[in-house]
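[1] Sequence plus the predicted model coming up.
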Amino acid sequence: MQNVGLMYCGAVLFINALMLLGKVDSKSAGLFNLFLGAIQVITPFYVIFTAGSDSWVIFNASGVFLFSLTYLYVGITNLKEWDSAGVGWFSLWVAFMAVGYGIISFVHFQDPKFGIIWFMWAFLWSLFFLLLALKKDIAIFTGWVTLILSLITATIPGFLMLINVWNSIGAEIMWIVAGIFGVIVAGLFYQTTSVQQKKIVKVTNYST
């Protein structure tokens, strides 16, 4: 991914997280998704057209489309107030593809840092599938996960690349970050599900 594009992927994920948490209007978030999605469609096309016969450059550029098309789809869906199931099912496909990109990062590019990041993105898009396609009641949980991942997988790595620091960071740091993220996710899931169960109990008691 292009460094600037990666950093601004974090911006879109950050806004979408706030939307899921009820802090940003869906149409306002949709407009931002549409704007950034349109910009990020242009970059990979340019890279692909100028890559010549280098298939791996094309492969890397193609990964950007997973984000730009998601953002465009979310933007149009929100602005038109369409049902979000289509975005959810598309997110399932993106999650599968992200796993593939993660494996290639480990095996071919010998880049465990981005391999871990791709697997985190696969997890995130899986949550979008559960939330938007299967209509699971995980909006708050997904919002917090999206907020965290907007920082540790996009904003911070993108910024570190811009200042030429990213390559000096060892893979072990990313493994530690992933471990901490896993613990936080488990805590968030427990906390959000506990709150929801308490609300259900209160409603049930009130109705009886």
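    That came through fine. What you are looking at is a predicted structure, and each value in this text was computed from that prediction instead of being measured.
[2] hey, let's count contacts and neighbours off CA atoms from now on
    Will do.
[3] show me where this protein has helices.
    Listed in chain order, the helices of the chain (DSSP state H) span 3-20, 26-50, 55-80, 85-107, 112-128, 139-150, 156-162, 171-207.
[4] Dump those to JSON lines, plus mean neighbour count.
    Below are the helices of the chain laid out as JSON lines (neighbours: other Cα atoms under 10 Å):
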{"stretch": "helix 3-20", "mean neighbour count": "22"}
{"stretch": "helix 26-50", "mean neighbour count": "18"}
{"stretch": "helix 55-80", "mean neighbour count": "19"}
{"stretch": "helix 85-107", "mean neighbour count": "19"}
{"stretch": "helix 112-128", "mean neighbour count": "23"}
{"stretch": "helix 139-150", "mean neighbour count": "22"}
{"stretch": "helix 156-162", "mean neighbour count": "18"}
{"stretch": "helix 171-207", "mean neighbour count": "13"}
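[5] Include mean pLDDT when you put those helices into JSON lines, please.
    Listed next are the helices of the chain as JSON lines, based on pLDDT from 0 to 100:
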{"stretch": "helix 3-20", "mean pLDDT": "94"}
{"stretch": "helix 26-50", "mean pLDDT": "92"}
{"stretch": "helix 55-80", "mean pLDDT": "94"}
{"stretch": "helix 85-107", "mean pLDDT": "98"}
{"stretch": "helix 112-128", "mean pLDDT": "98"}
{"stretch": "helix 139-150", "mean pLDDT": "98"}
{"stretch": "helix 156-162", "mean pLDDT": "96"}
{"stretch": "helix 171-207", "mean pLDDT": "81"}
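[6] Now the phi/psi pair for residue 136, please.
    Torsion angles at residue 136 (phi, psi; degrees, to the nearest 10) stand at phi -70, psi 150.
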